[in-house]
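K.L.:
fold the following, please.
(chains A, B, C and D)
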Amino acid sequence: MRWFDDFFERGVRGVARRTSRRSALTRIGRLLVGSAFVLPVLPFDRIARTAEAAQKKSPPGETSCDYWRYCALDGYLCACCGGSASTCPPGTEASKVSWIGTCHNPHDGKDYLVSYNDCCGKGSCGRCLCNTNEGERPAYRMGLHNDINWCMANTDSTMFHCTTSVVVGLAEKS
Amino acid sequence: MRWFDDFFERGVRGVARRTSRRSALTRIGRLLVGSAFVLPVLPFDRIARTAEAAQKKSPPGETSCDYWRYCALDGYLCACCGGSASTCPPGTEASKVSWIGTCHNPHDGKDYLVSYNDCCGKGSCGRCLCNTNEGERPAYRMGLHNDINWCMANTDSTMFHCTTSVVVGLAEKS
Amino acid sequence: MSTWRRGPAIALAVATLASGGSWADVAIEQVTTAKLAPATPHRVYVTDVAISHIVDGRVHVVDGDSLKYLGMIASAYAGQTTLSQDGREFYVATTYYSRLSRGERTDVVDIYDTATLAQVGEIPIPPKHAQALNYKGILRTTRDGRFLLVQNATPATSVSVVDLKARKFVAEIPTPGCWTVIPSQSAPQRFAALCGDGSLLVVTLDGDGRQAKMARSAKFFDPDDDPLFVQSENLGDEHLFVSFKGKVYSADLSQETPRFGSPWSLVTPAEAKKNWRPGGYQPIAVHRGTHRLFVTMHPNGKEGSHKDPAQEIWVFDFDSKARIQRVKGANAVSISASQDDKPLLFALDGKNMGLVVFEAANKLVQKRRLDPLAETAFLLETQP
Amino acid sequence: MSTWRRGPAIALAVATLASGGSWADVAIEQVTTAKLAPATPHRVYVTDVAISHIVDGRVHVVDGDSLKYLGMIASAYAGQTTLSQDGREFYVATTYYSRLSRGERTDVVDIYDTATLAQVGEIPIPPKHAQALNYKGILRTTRDGRFLLVQNATPATSVSVVDLKARKFVAEIPTPGCWTVIPSQSAPQRFAALCGDGSLLVVTLDGDGRQAKMARSAKFFDPDDDPLFVQSENLGDEHLFVSFKGKVYSADLSQETPRFGSPWSLVTPAEAKKNWRPGGYQPIAVHRGTHRLFVTMHPNGKEGSHKDPAQEIWVFDFDSKARIQRVKGANAVSISASQDDKPLLFALDGKNMGLVVFEAANKLVQKRRLDPLAETAFLLETQP
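P.N.:
Numbering: from 1, shown residues only, chains lettered A, B, ... in the order given. As a prediction, the model looks like this:
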């Protein structure tokens, strides 16, 4: 919830100015909207995808660090660990807090707010480590920081397993 | 101490027959002789040694899996971890029990009994993993088995860090 | 910079967002935990001791058809693993220290639900479980699923009996000089172990899991001249072993006294001359429906080569003892076959720790591989 | 096969062996634990979060002259590390779970003796320590060595004060919106922190380690336009920072109110056009004796490149602000200099996690490297 507080409490002053002057209100996204549409878990096959990517030059998929919504991610892709871009692997729990990035979707030309929730409760997944840092900031801007364990606020276990990239809203120009 | 008991209790019946019919008594070595000569810790420099080995074709040193006394070792060489072939790295404790190998020393043409003591109390060293299995046997011949943690009998911690190869006696022909 | 205020911020957020969700072109998401498709017989559990961080071992769960990585189960410090008889639970016998690698030692059996890969319980056991590389037979359930048998080593050897129904440790049975647990398939409370003098130890439990009987067979293999690999596979209650030099031994556990089959050789005299031998950590697999035996073989075998990766996998008809196929070995150090009627043979490539999948319904044919899957894995188990 | 008899066997063994030791041609040995040579200023501690097994982090201790690997210290789960002021102790603030990755959480400061690399004590702290990649400033001691300051994140930020003399946790000081600990070198109980609004927070402790005063400076850097890296290095009580775009900021902590130096640029306008920028996790080092500043630089910098490995290391004279050398960067993501009069500069190669050693007494010259040393290390600290 930290990044969330940051938006409300530092709001336009701090974080908002950083990420290209977009509307702080929109940026808050729909993280807490219970009825939000949940993307289905995509079938995942690293080998097939890699082969496919090499042959067809198709855009990077959810098991590639170059996938558009992974622009500010530092961790293991949950899509390689039994989850997907937006779901935690079986037996793990999504982090209660997260950091936020703003990523450009080349398919529709729009910028989206992405909540990077870690998945918690099992040891490091160890598969598909990515380290991208667009808009990432040191921990004095905690809600934009990716070098800290975002499982830190979970009560069952703060153990870091992997990282999801959850689209939480459109980053409208302010 | 397990291999030790094995020698005494299965003695000539079991273990002794396996290792080329050498004298079980001699094989027991001098493990517990307090006044035994202790080899100095050799200075160790992986880079230098590797370079040296490549240039001079000198025999494998104590940071190489091919070093003669490592003939039945499965683990990290303590010589790469802050110890030496026969000393545990600082802050670790030698295992109270060990498995035993019989290795041929090409320099004097003799066979030696080697006690493979693990060093215990810190997590895996992770450097110089070797897996050699001359005379290694499944765990129904426990004293000759190297796929088990020989820190298992230590009381402070059974955590496996690395493996030493301690020359404990001459393997005389029986 | 304001202070951290958890409650008010959340309340405000929910109020603000109540009407959200309609502006974006990409679907707005909410993070959830993935659900697993029901397990099939082609699901495989790969136990990885992760020796460079041995305190943090794990089990990789993979679908053998799609090669999708389904998830992970913690095996922790040199933990031993096995599936329940019905495949619904996965057991891990392991050690925890209060300070990671030091402090107070606690041994438990962790219970995982294979439908969710979530830990659902633990059973404390004596702090003696074998902290060993993973070999089949170090942790097994009895055929009726009632008891879990845990191989101990201190290094003195014994077996801890855990009552899976009562969820508690019951008894410790000394098995001096013997190793592994080989559960009888017809007498649920009987198990055997291989002994260093070449005999088989046969233990019978009472209804509560305590030792009722124990007997030693005559010597049936020669641990000096030609030791047996400890892994066994069963066809009914006939349990198969291979020796370092390539002989097949069998023991029938359907009676109180084991009956041993006549050993036969995997290799012809010519092949023996070239020292073709089994090698690895789990060198045999069987498909029970078709009575086929798979063995990981390497040439130029010698003293110390018994863990070497396969150059070939050989396929035998167990009834006729005839070799029916040789295929490239994929550097296999461990193999396991699914038991359905479209069986897959899984092989762990010992050189790069990839998972190699063969179709095994008719001819054995390598179909796909996942590289790398593990760090230092030695044990494969397929979903029943 | 007989049972396990510990006592008698040992007694018998000693008796039998009393006359041994004279037959072998190779010296008969006894396993012991190696002793360390006394630490020199060229000993370096490399903290490795080992992210693929993050519960099992470790610190590699290396002699920078011989490149001998001296030993390992456990940093456990995202543990933070620092040396004592006198270099005799090494502190690790970390988290332990009762079941490796779940169960009961315990946070402690582990104390290691740098003469033996043995753990010699632990101090419980609130379970809030920052589980973060290793950055200098997340764990620091006060200049007099009395207190250890532990950065917390829940994610609300605070600092736990540990009394190293009394070996106990004393107080938690809220530092909302601020990060890292920057100890004053002239006023032992004062420390500062960088804040997200561009200000510096200055905290003064009382003699018992409790908060006596707290003040916020005016904004001295622009966290939106040109954020500061959190790492600081000191020359006396002047603390240096670099910004993402290559400016040097400084804050003098010798007074109650910090005095800020005029920012100056590491890059010429031409270099700025090519976007030469600092990058990495520990991008600066100083040699206090010669007032030299070392910075890890990469060209073509852009949004998101602030952790990129160095293409060059630049050397500046801090007094004249003049660049005195450019050398190849060894892909450095973290650097640290010894403070003796034959200084070495240590660099961590971010691409292969090797340790690269430069002589830095006169010209900076790369001399040797140890590859690979670590898995995912970000922090270097040299023996005082």
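
K.L.:
okay, now the unreliable bits of chain A?
P.N.:
A:1-57, A:173-174 (pLDDT under 70).

K.L.:
which stretches of it form helices?
P.N.:
Taking DSSP state H as the criterion, chain A contains helices spanning A:2-9, A:17-18, A:24-27, A:46-56.

K.L.:
could you grab the helix/strand/coil label for C:A270?
P.N.:
helix (DSSP: H, G, I helix; E, B strand; the rest coil).

K.L.:
quick one: pLDDT of it?
P.N.:
Looking at C:A270, its pLDDT reads 98.

K.L.:
tally of neighbours for it?
P.N.:
Per other CB atoms under 10 Å in any protein chain shown, the neighbour tally for C:A270 reads 8. Backbone N, C-alpha and C define where each C-beta goes, glycine included.

K.L.:
distance-wise, check it relative to chain D.
P.N.:
Distance, C:A270 to chain D, using CB to the nearest CB, to the nearest Å: 37 Å.

K.L.:
any idea how far that residue is from B:H104?
P.N.:
As judged by CB to CB, to the nearest Å, C:A270 and B:H104 stand 30 Å apart.

K.L.:
in chain C, where's the longest strand?
P.N.:
strand C:69-83 (DSSP state E).

K.L.:
and after it, which helix or strand comes next?
P.N.:
strand C:89-99 (DSSP states H and E).

K.L.:
most proximal residue of the stretch 251-384 of chain C with respect to chain D?
P.N.:
C:E375 (8.5 Å; CB to the nearest CB).

K.L.:
state the distance from the residue nearest to that residue when sequence neighbours are not counted to C:D63.
P.N.:
Nearest non-adjacent residue to C:E375, counting by CB to CB, 6 or more residues apart in numbering or on different chains: C:A50, 4.7 Å away. Applying CB to CB, the value for C:A50 to C:D63 is 21 Å.

K.L.:
more neighbours: the two, which one.
P.N.:
Set side by side, C:A50 and C:D63 show more neighbours around C:A50, with 24 against 19, by other CB under 10 Å.

K.L.:
show me where the stretch 101-250 of chain C has its helices.
P.N.:
Counting by DSSP state H, counting those that start in this stretch, the stretch 101-250 of chain C has no helices to list.

K.L.:
for it, which segments count as strands?
P.N.:
For the stretch 101-250 of chain C, the strands defined by DSSP state E, counting those that start in this stretch occupy C:102-113, C:118-125, C:139-141, C:147-153, C:157-163, C:168-174, C:178-183, C:190-195, C:200-205, C:211-216, C:233-235, C:238-242, C:247-252.

K.L.:
reformat these into CSV and put mean pLDDT next to each item.
P.N.:
Supplementary listing: these in CSV, determined by pLDDT from 0 to 100:
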stretch, mean pLDDT
strand C:102-113, 98
strand C:118-125, 98
strand C:139-141, 98
strand C:147-153, 98
strand C:157-163, 98
strand C:168-174, 98
strand C:178-183, 98
strand C:190-195, 98
strand C:200-205, 98
strand C:211-216, 97
strand C:233-235, 98
strand C:238-242, 98
strand C:247-252, 98
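
K.L.:
OK, contacts around the residue of chain A at minimum distance from chain B?
P.N.:
Residue nearest to chain B within chain A (CB to the nearest CB): A:G123, separated by 13.2 Å. Shown in contact with A:G123 (CB atoms under 8 Å, 6 or more residues apart in numbering or on different chains): A:159, A:161, C:56, C:58, C:72, C:74, D:53-55, D:100-101.

K.L.:
where do the domain boundaries of chain A fall?
P.N.:
For chain A, the structural domains run A:2-41, A:47-170, going by automatic domain parsing.

K.L.:
identify the residues contacting the closest residue to C:L373 other than its chain neighbours.
P.N.:
By the measure of CB to CB, 6+ apart, the closest residue to C:L373 outside its immediate chain neighbours is C:L355, 4.5 Å from it. By CB under 8 Å, 6+ apart, C:L355 lies in contact with C:44, C:46, C:62, C:67, C:346-349, C:369-371, C:373-374.

K.L.:
can you say which of the residues you listed are buried?
P.N.:
C:44, C:46, C:62, C:67, C:346-349, C:369-370, C:373-374 (16 or more other CB atoms under 10 Å in any protein chain shown).

K.L.:
tabulate these in TSV, adding columns for pLDDT and secondary structure.
P.N.:
Compiled in TSV, the buried ones among the contacts of C:L355 are given as follows (pLDDT from 0 to 100; DSSP: H, G, I helix; E, B strand; the rest coil):
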residue	pLDDT	secondary structure
C:V44	98	strand
C:V46	98	strand
C:V62	98	strand
C:L67	98	coil
C:F346	98	strand
C:A347	98	strand
C:L348	98	strand
C:D349	97	strand
C:R369	97	strand
C:L370	97	strand
C:L373	96	coil
C:A374	97	coil
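
K.L.:
what's the closest non-adjacent residue to residue 134?
P.N.:
Went with chain A since none was named. Per CB to CB, 6+ apart, closest to A:E134 is D:G304, 3.9 Å.

K.L.:
the chain in question should be chain C.
P.N.:
Closest to C:N134 by CB to CB, 6+ apart is C:L379, at 3.7 Å.

K.L.:
count the neighbours of residue 72 for me.
P.N.:
Chain wasn't specified; assuming chain A. 26.

K.L.:
could you do chain C instead?
P.N.:
Using other CB under 10 Å: C:M72 sits among 26 other residues.

K.L.:
contacting residues around it?
P.N.:
Residues near C:M72 by CB under 8 Å, 6+ apart: A:81-82, A:89, A:91, A:122-123, A:125, A:161, C:58-61, C:117.

K.L.:
could I get those residues as a markdown table with distance to D:Q255?
P.N.:
As requested, the contacts of C:M72 are exported to a markdown table (distance: CB to CB, whole Å):
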| residue | distance to D:Q255 |
| --- | --- |
| A:C81 | 51 |
| A:G82 | 55 |
| A:P89 | 53 |
| A:G91 | 54 |
| A:K122 | 49 |
| A:G123 | 47 |
| A:C125 | 49 |
| A:H161 | 47 |
| C:R58 | 53 |
| C:V59 | 59 |
| C:H60 | 58 |
| C:V61 | 60 |
| C:L117 | 58 |
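
K.L.:
and of these, the nearest to D:I324?
P.N.:
A:C125 (45.4 Å; CB to CB).

K.L.:
now that closest one: closest residue in space that isn't a chain neighbour?
P.N.:
Per CB to CB, 6+ apart, closest to A:C125 is A:C81, 3.7 Å.

K.L.:
from C:D208, how far off is that neighbour?
P.N.:
42 Å.
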